[in-house]
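Peer 1: Below is the sequence, then the predicted model.
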Amino acid sequence: LPPSFGVPFQTAHRRFAQWTEAGLWRELHRVLLDELGSRGLLDWSR
């Protein structure tokens, strides 16, 4: 990671692994799809 991120790569990797195990990315994806869907901003034709 570039120094501008402000965290060592080990910390970023550990947090990413913890968030993945906790299901954060799945939940974030669901919330985003719900929000975009409620605004009519999703094109499901593809």
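Peer 2: Thanks, I have it. Small disclaimer: the values here were computed from a predicted structure and weren't measured.

Peer 1: Only C-alpha atoms from now on, for both contacts and neighbour counts.
Peer 2: OK.

Peer 1: What helix or strand is the residue nearest to the spatial centre of the chain located in?
Peer 2: Using Cα atoms, centre = their mean, the residue of the chain that lies closest to the mean C-alpha position is residue 25, 4.4 Å off. In the assignment (DSSP states H and E), residue 25 maps to helix 24-38.

Peer 1: separation between residue 30 and residue 44?
Peer 2: In this structure, residue 30 lies at 15 Å from residue 44, with Cα to Cα, to the nearest Å as the measure.

Peer 1: Those two: who's more crowded?
Peer 2: Under the neighbour definition other Cα atoms under 10 Å, residue 30 and residue 44 were set side by side, and residue 30 has more, 12 against 6.

Peer 1: tell me the contacts of the more buried one?
Peer 2: Contacts for residue 30 were tallied using Cα atoms under 8 Å, 6 or more residues apart in numbering; there are none.

Peer 1: State the distance from it to residue 37.
Peer 2: Relative to residue 37, residue 30 is positioned 10 Å away (Cα to Cα).

Peer 1: try residue 8
Peer 2: Distance of residue 8 to residue 37, computed by Cα to Cα: 37 Å.

Peer 1: Residue 9: neighbour count?
Peer 2: 13.

Peer 1: That one is in contact with residue 16, isn't it?
Peer 2: No. Residue 9 is not in contact with residue 16 according to Cα atoms under 8 Å; the separation is 10.3 Å.

Peer 1: Centre of the chain to the host helix or strand of residue 14, how far?
Peer 2: Secondary-structure assignment from DSSP H and E places residue 14 in helix 9-21. Mean C-alpha position of helix 9-21 versus that of the full chain (Cα atoms, centre = their mean, to the nearest Å) differs by 12 Å.
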